[in-house]
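Undergrad: What shape does this take:
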Amino acid sequence: MPTTDNTSDNPLLTRLQELVQETDFEFVIELVDIYLNETPTQIQTMVKALDTQDHHMLTIAAHTLKGSSLNLGAKRLGAACFKLEELGRSGIPISASINTKEIESEFEQAKAILLTFKQSKQ
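TA: Predicted coordinates for the structure are as follows:
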């Protein structure tokens, strides 16, 4: 399980600590809670967009999740979202082999870190 002891190895924890220093812990927890609540919705929107070949919906959902992920320091999740955002912008037919598995996996890893961060401060 991730720990908050070694933030230098984890951009997500590093960014959370920066946000705490720039604002306060309660504000960062609010951001984390919003992120944890909204991300599954964005992922489901991407799944639907892929299924329906809706490039615009895919672009918006991937862009939204990319931005919020990068703002919190979840760089690998942001990078995975960027790939789908670019696919949406391309307008080319979406292959049936394209999915959100990488995004879902990266979110689960980020979620574990975020929950550990929240618990460490209580």
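
Undergrad: what comes up buried for stretch 20-27?
TA: Using 16 or more other C-beta atoms under 10 Å as the test for burial, stretch 20-27 gives residue 20. Bear in mind the C-beta positions are built from the backbone N, C-alpha and C, glycine included.

Undergrad: now what about that stretch, what contacts it?
TA: With C-beta atoms under 8 Å, 6 or more residues apart in numbering as the contact definition, stretch 20-27 has outside contacts at 19, 28, 121.

Undergrad: Quick check on the residues you listed: which are buried?
TA: Buried among the contacts of stretch 20-27 by 16+ other C-beta under 10 Å: 19, 28.

Undergrad: Sitting in strands, which of the contacts of stretch 20-27 do you find?
TA: Within those, no residue falls in strands by DSSP state E.

Undergrad: number of nearby residues for residue 81?
TA: If you count neighbours by other C-beta atoms under 10 Å, residue 81 ends up with 29.

Undergrad: before we move on, what about residue 43?
TA: Neighbour count for residue 43, taken as other C-beta under 10 Å: 18.
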